[in-house]
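> structure of the sequence below:
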Amino acid sequence: MKNNYLPLILAGFAIVGLGSCKNNSSESLSRESRPEIVDVAYPEVDSVTIHKSYPGYLTANTSIAVVARVNGYLTGKYFDDGGPVKKGQVLFKIEDTQYRDQLQQAEAQLQTAIASNAYAEKHYEAMKKALLSDAVSQMDVLQAESAMNQSKAAIESARAAVQTARTTLSYCTIQSPIDGIAAAPPVTIGDYIGGAGSPFTMTTVYDDNIVNAHFAVDDNQFMAIVENMKNNPELYKSIPVQFGDSIKEPFYGELAYVAPNVITGTGTINMKVNINNENNKLKAGMYALVNLPVASDPDAILVKDASIGTDQLGKYLYTVNDSNRVEYTSIKVGEIVNDSMRVVVDGISPKTRYVTKALLKVRSGMEVDPQVIK
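Next up is the predicted model:
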């Protein structure tokens with residue numbers, strides 16, 4: 001009896017197993033035919049300031065060439081190349097023996113002139129008294145007076161020579177004219193410096209707590225910028241400036257200069273933006289991109305920048321049409337707003353639904369189940 005029941009039991013298990021496989025297969029097919037759920041959003045519409053980027057370059061707010069004005073061997077250097085210096089700090093010393101000797105000679109000549117003048121004054125007084133007793137002639141008195149006046153002039157000349165010698169001696173000690181950063185000098189200790197005939201540049205000190213971004217604007221765009229400046233003057237006190245991938249930190253500057261003339265050869269107008277550089281990250285000569293406010297758009301279309309793709313044709317969005325099918329949509333974009341939103345200039349409308357993420361999971365023509373997110 002047990003052997004007769006065994007085939008029946010096995011057959012029952014087989015029937016159950018077949019039913020289970022059929023159900024699993026049905027569920028799998030159901031899942032595959034179900035549209036993919038994707039997050040979509042509608043573009044935001046907001047008032048934004050439109051910027052136009054202009055290439056430029058940086059200069060230090062102040063840069064002063066420190067020069068040698070005497071001849072001699074360089075005997076001392078007292079700063080680190082590219083390091084900070086203070087106003088009045090000694091930067092270099094030039095061998096000064098000959099200039100000290102010249103000062104001593106000038107001081108000795110001054111003393112001689114003073115002594116000669118003292119004698120000439122006494123002689124003149126004596127001649128005037130002698131004239132009263134007819135011991136000398138009027139001509140003798142006039143000659144004594146002339147000698148006294150010449151001795152006074154000699155004193156002034158000697159004093160000027162002393163001052164000149166003292167000034168020349170002071171040139172042997174070269175000081176920083178301002179606070180700033182000193183560039184590496186083209187000479188080393190022991191080199192002969194020929195600065196007497198023509199001043200020789202020893203270093204340049206840059207005051208770059210504020211740097212200037214110089215750029216040029218086409219004259220046909222200038223009037224629109226001027227109009228925008230009248231309507232929105234505050235925008236020009238915080239102008240975004242970029243410096244490439246090497247400096248991620250945002251910088252902002254204030255419009256400080258607009259040239260009074262158009263450069264005829266290029267048809268451009270020079271401008272300058274001042275930028276605070278307290279952290280000393282910016283250096284004179286760096287390339288800059290000045291994002292100048294040029295207009296305002298009260299109804300700008302904004303999408304999430306992370307939703308925008310790029311291919312050989314340019315920028316695009318995956319949008320979802322009324323049939324819930326994905327469409328490849330080429331767009332033209334503007335600038336970033338509020339760190340994460342991108343202005344779309346052309347390609348979509350405020351009523352366009354666009355895919356916000358998981359772009360690799362969708363393709364053009366694919367049917368989806370769009371879930372609108374805020």
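
> in its sheet, which strands sit next to the longest strand seen in the chain, and in what direction?
Counting residues, the longest strand found in the chain (DSSP state E) is strand 44-68. Partners of strand 44-68 in the sheet, by DSSP bridges, are strand 200-218 (antiparallel), strand 287-304 (antiparallel).

> need those in a markdown table with distance to Arg342, can you?
(Glycine included, C-beta is placed from N, CA and C.) Conversion of those to a markdown table gives the following (distance: least, CB to CB, whole Å):
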| stretch | distance to Arg342 |
| --- | --- |
| strand 200-218 | 24 |
| strand 287-304 | 6 |
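
> deepest in the core, which of these is it.
Most buried of the strands paired with strand 44-68, by mean neighbour count (mean count of other CB atoms under 10 Å): strand 200-218, with a mean of 20.

> before we move on, back to that, and the strands paired with strand 44-68, which one averages the lowest pLDDT?
Averaged per stretch, pLDDT over these is lowest on strand 287-304, reaching a mean of 91.

> helix or strand next in line after that strand, which one?
strand 309-311 (DSSP states H and E).

> and the contacts of that following strand?
315-318, 359 (CB atoms under 8 Å, 6 or more residues apart in numbering).

> mind doing that once more with 6 Å?
Contacts of strand 309-311 with the rest of the structure, by CB atoms under 6 Å, 6 or more residues apart in numbering, involve 316, 359.

> got the angle between the next helix or strand after it and strand 287-304?
Note on strand 309-311: by DSSP H and E, the next helix or strand toward the C-terminus is strand 314-320. Interaxial angle, strand 314-320 versus strand 287-304 (axes from the mean of the first three to the mean of the last three CA atoms, to 10 degrees): 10 degrees.

> partner strands of strand 314-320, with direction?
Strand 314-320 is paired, per DSSP bridges, with strand 309-311 (antiparallel), strand 326-330 (antiparallel), strand 353-355 (antiparallel).

> among those, which comes closest to Asn231?
strand 353-355 (32.2 Å; CB to CB).

> for that closest one, give the mean pLDDT please.
Averaging pLDDT along strand 353-355 gives 95.

> chain center to it, what's the gap?
39 Å (CA atoms, centre = their mean, to the nearest Å).

> most packed of the strands paired with strand 314-320?
Comparing the strands paired with strand 314-320 by mean neighbour count (mean count of other CB under 10 Å), strand 353-355 ranks first with a mean of 22.

> still on that earlier bit, to Ala41, which of the strands paired with strand 44-68 lies closest?
Between Ala41 and these, the tightest spacing by CB to CB is seen for strand 287-304, at 7.0 Å.

> what's the first helix or strand after the helix or strand of the chain with the lowest mean pLDDT?
Here the helix or strand of the chain ranked lowest by mean pLDDT, DSSP states H and E is helix 2-33, holding a mean of 49. Later in the chain than helix 2-33, the nearest helix or strand by DSSP H and E is strand 36-41.

> what are the C-alpha coordinates of that following strand, in PDB please?
Output of strand 36-41 as PDB, limited to C-alpha atoms (Å, rounded to 0.1, in the frame of the first residue of the first chain):
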ATOM      1  CA  GLU A  36      10.100  53.000 -14.800                       C
ATOM      2  CA  ILE A  37       9.400  55.400 -12.000                       C
ATOM      3  CA  VAL A  38      11.400  58.600 -12.500                       C
ATOM      4  CA  ASP A  39      11.600  61.900 -10.600                       C
ATOM      5  CA  VAL A  40      10.700  64.900 -12.700                       C
ATOM      6  CA  ALA A  41      10.200  68.600 -11.900                       C
END
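
> that strand pairs with which strands, parallel or anti?
Here strand 36-41 is paired, per DSSP bridges, with strand 353-355 (antiparallel), strand 368-372 (parallel).

> what's the average pLDDT for the helix or strand where His123 lies?
Using DSSP H and E, the element containing His123 is helix 97-132. Mean pLDDT, helix 97-132: 95.

> got it, and stretch 256-263?
According to the model, stretch 256-263 has a mean pLDDT of 93.

> would you confirm that Asp75 contacts Thr97?
No, residue 75 isn't Asp; it's Thr. No - using CB atoms under 6 Å, Thr75 is not in contact with Thr97, being 10.3 Å away.
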